[in-house]
Structure formats: structure tokens, C-alpha cells
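1. need a structure here:
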Amino acid sequence: MKLCSFYQDGVVRLGLVRDHHVVDVAASAHALGVEAPLSVMAAIAGGEQETTQLRQVYAQGTVALPVDEVVFAPPVTHPEKIICVGLNYRKHAEESNMPIPTSPVYFTKFANSLSGHRATVTIPPVAKQCDYEVELVAVIGQRIRQVSVEDALRAVYGYAVGNDLSARDLQMRNSQWLYGKAMDGFAPLGPYLVTADEVPNPQDLRLRTWVNGELRQDSTTADMIFSVAEVIADLSQVMTLEPGDLIYTGTPEGVILGMDDQRWLDAGDEIVCEIDGLGRLCTRLAR
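-> Okay, here's the model as predicted:
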């Protein structure tokens with residue numbers, strides 16, 4: 001299934017993507033006289049019972065909106081943790097003139113950084129060198145700690161397209177990247193949360209980015225240095241991962257940072273990030 005969150009009358013509602021429409025879960029469940037989770041967080045945390053309820057609503061729900069008319073929220077609305085992996089693609093590390101990591105490099109973003117599909121993100125005046133990064137985002141579906149690599153993917157509820165927007169001048173001003181990474185809106189996510197059963201191999205997905213229609217990134221998750229399973233297992237050795245936690249798993253080559261002619265993103269630019277099977281995430285920039 002493809003889940004989403006969308007705004008209606010200022011309220012975030014849970015939707016299911018069916019063909020070119022978004023089924024309103026709450027309204028459809030009410031019309032059918034059945035129980036169903038009313039938020040994506042409840043769906044993630046609820047387990048098999050909520051999944052069964054959602055499948056019924058998906059099959060029989062009649063209250064729906066055309067996808068083009070939906071105002072999307074981030075598909076995961078209230079994660080406890082947003083953890084990002086830096087330099088996790090071999091060719092990206094090389095284009096950044098940085099050594100290949102021997103262990104995962106982590107940094108964090110926060111809920112203020114989340115923005116949804118088709119959102120406009122405002123670049124702060126202090127940021128001069130704004131860059132894009134298409135990323136596969138793994139969404140944790142159950143509480144885990146000290147899980148093995150072999151079992152790690154069983155804890156994934158689903159996957160989404162992410163864009164780790166970055167202000168390189170602020171990121172590189174010292175060894176801590178937070179200041180250039182965790183700005184408001186700088187973690188676009190969406191448009192959908194695709195359940196893990198539709199992604200049999202997260203290490204075999206094509207990722208692409210276009211800026212104003214020009215293809216900039218085109219690679220696959222096979223170039224990851226540390227697989228999704230290895231990252232989840234590694235993180236779980238030192239922290240408890242909770243349902244709804246987001247893990248941005250790194251970006252491939254093709255970012256502005258690695259170019260000879262560095263024309264940084266600015267107001268009016270449109271970035272489209274796509275991962276096969278997960279959809280296209282559109283972000284517009286403003287000042």
C-alpha cells in the first residue's frame with residue numbers, strides 16, 4: 001500500500017493512494033462502518049490489525065480526492081527521531097573529496113525540518129550555498145534494540161523518497177554538520193509512505209534528481225557503502241528505534257558540492273527527487 005498524509009481544513013488526515021486518487025481513510029471508514037487508524041503514526045504503531053483495516057478501506061472506500069488536488073503533508077508526521085547517514089554512497093564520497101567511511105557517519109534533523117510533497121521551502125538569508133540530495137528513507141515500524149543485520153529489515157514499516165537539503169557553507173563551517181542541515185523545511189519527504197512488502201530489495205532501487213527539469217543525479221542504492229539493514233542494525237546497538245523513526249540513508253553522486261561549476265540552488269528553483277516505485281517528491285524554493 002501507499003499511505004500519505006494530507007491537509008483538509010487545517011487538519012492532517014490519513015490517506016491511501018489508489019490509482020490517481022487519495023482515499024480519505026477516516027471518511028471512508030465512517031461510511032463503511034468499520035474501524036481504521038486515523039493517522040499515519042497510528043497505522044505504523046498498530047501492527048497487523050490496523051494493516052488489515054487499511055486494506056479493507058483501500059478496497060472499499062469511496063471518499064476520495066484526485067491526487068492533483070491533494071495538499072500533502074509529510075507522510076510521517078511526528079517521528080521521534082530523524083537520523084541521516086552522510087557519505088554513504090561511494091561515488092558521492094569521492095566527488096566530495098572525502099575518504100570512504102569505515103563506519104557510518106550520522107547526523108540528525110528534527111521535526112521542524114520536515115516538509116511535504118509540493119511544499120515551498122524558504123532558504124534562510126544566512127544560507128548562501130544550498131544543495132539537494134535525493135535519499136531513500138526507511139521508516140521504522142516496531143520498537144527494536146540490538147537487532148542483527150539479518151533481522152533489521154523486518155523492523156521496517158515502509159520506505160519514502162527524501163531530499164536532504166543542505167546549506168554547504170553552513171554545513172562546512174566546522175566539523176559538526178547540524179547547522180547546515182536541520183533548517184526549517186530542509187527534510188522534504190513524500191509524497192507517499194510505501195509499505196515494505198512492495199520493496200523486496202531496498203538495495204536495488206534507482207534514484208534520480210532533476211533541477212528545473214535538468215537531470216542531476218542518476219544512480220542506484222546498490223552503490224551504498226552501508227546497506228539499509230547494516231545502518232539499522234548499527235544504530236540499534238546504541239539506541240532504541242521506535243515506530244515512525246526516519247532514517248535518511250544517504251545520497252548518490254551528482255550534487256552541486258561535487259561540481260566544478262557550482263551554481264547553488266536559489267529562489268524559484270524546483271527540485272524533483274524520484275525513486276522507482278516510491279514516487280516523485282517535488283520541492284520549490286523561495287527566499
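2. Now V255: closest residue in space that isn't a chain neighbour?
-> Of all residues not flanking V255 in the chain, D131 sits nearest, at 5.3 Å (Cβ to Cβ, 6 or more residues apart in numbering). Every residue, glycine included, has its C-beta placed from N, CA and C.
3. ok, now which ones touch the one you found?
-> By Cβ atoms under 8 Å, 6 or more residues apart in numbering, the residues touching D131 are 165-168, 255-257, 264-265.
4. Give me the three-state assignment for Y58.
-> Following DSSP: H, G, I helix; E, B strand; the rest coil, the label given to Y58 is helix.
5. Does it touch L16 like I think?
-> Yes - applying Cβ atoms under 8 Å, one finds Y58 in contact with L16, separated by 4.8 Å.
6. higher neighbour count, these two?
-> L16 (24 against 18; other Cβ atoms under 10 Å).
7. can you give me how far the lowest-mean-pLDDT helix or strand in the chain is from the chain middle?
-> Least confident helix or strand, the chain: helix 90-95 with a mean of 91, by mean pLDDT, DSSP states H and E. Relative to the chain's own centre, helix 90-95 is displaced by 21 Å; criterion: Cα atoms, centre = their mean, to the nearest Å.
8. At which residues are the helices of the stretch 101-250 of the chain located?
-> Secondary structure of the stretch 101-250 of the chain by DSSP state H, counting those that start in this stretch: the helices cover 149-152, 168-171, 228-236.
9. Other residues contacting the first one?
-> What it means is helix 149-152. With Cβ under 8 Å, 6+ apart, helix 149-152 has contacts from 144, 227-230, 232-233, 236.
10. Kindly recompute the last result at 6 Å.
-> 229-230, 232-233 (Cβ atoms under 6 Å, 6 or more residues apart in numbering).
11. show me the contacts for L114.
-> Contact partners of L114, counting by Cβ under 6 Å, 6+ apart, are 74, 187, 189.
12. same thing but at 8 Å, please
-> 74, 76-77, 79, 82, 185, 187-189.
13. And T249, by the same measure?
-> With the criterion set at Cβ under 8 Å, 6+ apart, T249 makes contact with 85, 88, 135-138, 221, 224, 228, 231.
14. let's see it at 10 Å
-> Taking Cβ atoms under 10 Å, 6 or more residues apart in numbering, we find T249 in contact with 83-85, 88-89, 104, 135-138, 159, 162, 164, 202, 221, 224, 226-228, 231-232.
15. Show me the beta-bridge partners of the residue nearest to V255.
-> For D131, the beta-bridge partners are S166 (DSSP bridges).
16. And the pLDDT for it?
-> Per-residue pLDDT puts D131 at 98.
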